[in-house]
Structures are given as C-alpha cells and as structure tokens.
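**Q** Output the structure for:
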Amino acid sequence: MTGEDAPVLLFDGVCNLCNGIVRFVIRRDPPPGRFRFAAIQSDAGRRLLVAHGLPPDRLDTFVMIERGRVFVRSTAALRTLRRIGLPWSLLYPLIVVPRPLRDAAYDLIARRRYGWFGRRDTCMVPTPEVESRFLKGGGSGGRDAEAR
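**A** Below you'll find the predicted structure:
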C-alpha cells in the first residue's frame, strides 16, 4: 500500500498527540475505512518516507500520501480533515491561508508536543479491530498503547 489505493497517514508513533489524532481519524472513518496508517518509526513508515524523498529520521511531521502525492504538516492535516467529512471538513478552507503561516502554527505545536501531551516508550500497536488498517510493518513493538 503506497497511497495509490487509499490515503496513508504517517505519524510519530511515540507521540501522545499523534496517537490521539490517529484514534480521532479512525473513529470518524468507519470500517473498512478510507485511511491506512503507519508510524514513521516503523519499517513501513520509513520505507514510504524514503520512497517519497523524505528523510526517514524526521519525526516532527505528519504525512499524508494520497494518489502518489505527498502532503506534510498543515496541508496533510487539512486534507485529512476534509476527507473525514462534516463538521471537520468545514476547516478545509483554511488551506487558503499561506502555507508558511499555517506551517508556522503547526511547527509551534510540533516542537512542544512531547512537553504538552507526553510521549510513550514504544509505538502504538493497533487493536485487533483496526489492525487491518495499519500497514504491515507499521508498528514497532510494545502493547502499551492501542488505537481505539
């Protein structure tokens, strides 16, 4: 799965905020779900980053791969909100705000996310109910966090 058949969201698997966002999307994207997921730290996540010319060690970004195109940071977030439908898609018009301004706000949160929301020792491991939505090799061990 490369984002051609379903949008793929890559996220920081040890970030509590990022895991919360994944759970938020899963709850609003009913089975079988349009989105697929992988932690950036996972083998699948790293392979996708490299395949799309992104550094595999950059954990401060949210990535959406959709129809072979890569979107990062605020653009990825807004495109995700648009795809999960109302009322969240009503935020998509913020895309007209110049990207440097949107990304500056995104970067402020990204730099402080561990301090504000905390972090885990291991990446999220999906529950059996949503495991099929995570790319093979999309987690990196530990069952301390689950996608619900």
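**Q** what residue ranges in the chain score low on pLDDT?
**A** 1-4, 31, 122-125, 127-128, 137-148 (pLDDT under 70).
**Q** Identify, by residue count, the longest helix of it.
**A** helix 99-117 (DSSP state H).
**Q** which residues touch that helix?
**A** Helix 99-117 has contacts (Cβ atoms under 8 Å, 6 or more residues apart in numbering) with 12, 15-18, 20, 60-61, 73-75, 77-78, 94-95. The way it works is simple: take the backbone N, C-alpha and C, and place the C-beta from them, glycine included.
**Q** Out of those residues, which end up buried?
**A** 12, 15-18, 61, 73-75, 77-78 (16 or more other Cβ atoms under 10 Å).
**Q** what about the closest residue to G33 other than its chain neighbours, how many residues close to it?
**A** In this structure, G33 finds its nearest non-sequential neighbour in R133, 5.0 Å apart by Cβ to Cβ, 6 or more residues apart in numbering. When counting by other Cβ atoms under 10 Å, one arrives at 23 neighbours for R133.
**Q** Can you name the residues that contact P32?
**A** P32 makes contact with 132-133, according to Cβ under 8 Å, 6+ apart.
**Q** any idea how far A6 is from it?
**A** Between P32 and A6 the computed distance is 9 Å (Cβ to Cβ, to the nearest Å).
**Q** try D43
**A** Applying Cβ to Cβ to D43 and A6 gives a distance of 19 Å.
**Q** With R27 instead?
**A** 17 Å.
**Q** more crowded one of these two?
**A** Neighbour totals were compared for R27 and A6, and A6 leads with 17 against 12 (other Cβ under 10 Å).
**Q** so that one sits right up against A38, yeah?
**A** No. Judged on Cβ atoms under 8 Å, A6 makes no contact with A38 at a distance of 11.9 Å.
**Q** what secondary structure does V70 sit in?
**A** Under DSSP: H, G, I helix; E, B strand; the rest coil, the three-state class of V70 is strand.
**Q** so who does it touch?
**A** With Cβ under 8 Å, 6+ apart, V70 has these contacts: 3, 52-54, 63-64.
**Q** Out of the residues you listed, which two sit at the greatest distance?
**A** Using Cβ to Cβ, the pair of those lying farthest apart is G53 and M64, separated by 15.0 Å.
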